[in-house]
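Visitor: My questions are about this predicted structure, shown below with the sequence.
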Amino acid sequence: MLENRKIEILDSTLREGEQTPGVLFTLNEKLDIAKKIDLFGVDFIELGHPAVAPDIYEAVEALNSLELNSKK
């Protein structure tokens, strides 16, 4: 029954990670994290909601410009 199903992985590091008190990624760190997550083979990367703050909007724009295999 389950032998033809593919497991897909969603990573929320960039979205949930900054909701931890004291954690704030720079734009360069976010880009580096996304590239490493992509290399790992994750299917989906959650970026965060661009309407939350100007810096998140900037990060989402930059992350969307990366050519990754993962869906963003």
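Guide: Arrived safely, thanks for sending.

Visitor: Show residues contacting the strand or helix carrying Arg15.
Guide: Assigned by DSSP states H and E, Arg15 belongs to helix 13-16. With contacts defined as Cβ atoms under 8 Å, 6 or more residues apart in numbering, helix 13-16 is touched by Phe25, Lys30, Ile33, Ala34, Ile37, Ile45, Glu46, Leu47, Gly48, Ala59, Leu63. For glycine as for every other residue, the C-beta is placed from the backbone atoms N, C-alpha and C.

Visitor: how about the strands in the chain?
Guide: Assigned by DSSP state E, the chain shows strands spanning 10-11, 44-45.

Visitor: can you redo those as CSV with mean pLDDT and mean neighbour count?
Guide: Shown next, in CSV, are the strands of the chain (pLDDT from 0 to 100; neighbours: other Cβ atoms under 10 Å):
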stretch, mean pLDDT, mean neighbour count
strand 10-11, 96, 15
strand 44-45, 96, 18
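
Visitor: so can I have a markdown table of those showing distance to Ser70?
Guide: Formatted as a markdown table, the strands of the chain follow (distance: least, Cβ to Cβ, whole Å):
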| stretch | distance to Ser70 |
| --- | --- |
| strand 10-11 | 8 |
| strand 44-45 | 5 |
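
Visitor: pLDDT below threshold where in the chain?
Guide: 1-2 (pLDDT under 70).

Visitor: which ones are touching the residue nearest the centre of the chain?
Guide: In the chain, the centroid-proximal residue (Cα atoms, centre = their mean) is Ile45; its distance is 3.6 Å. Each residue near Ile45 by Cβ under 8 Å, 6+ apart is listed here: Leu10, Asp11, Thr13, Leu14, Ala34, Ile37, Asp38, Leu63, Leu68, Ser70, Lys71, Lys72.

Visitor: which residues are in contact with the longest helix along the chain?
Guide: In the chain, assigned by DSSP state H, the helix with the most residues is helix 27-40. Under the criterion Cβ under 8 Å, 6+ apart, residues 11, 13-14, 25, 45, 55, 58-59, 62-63, 66, 68-70, 72 lie in contact with helix 27-40.
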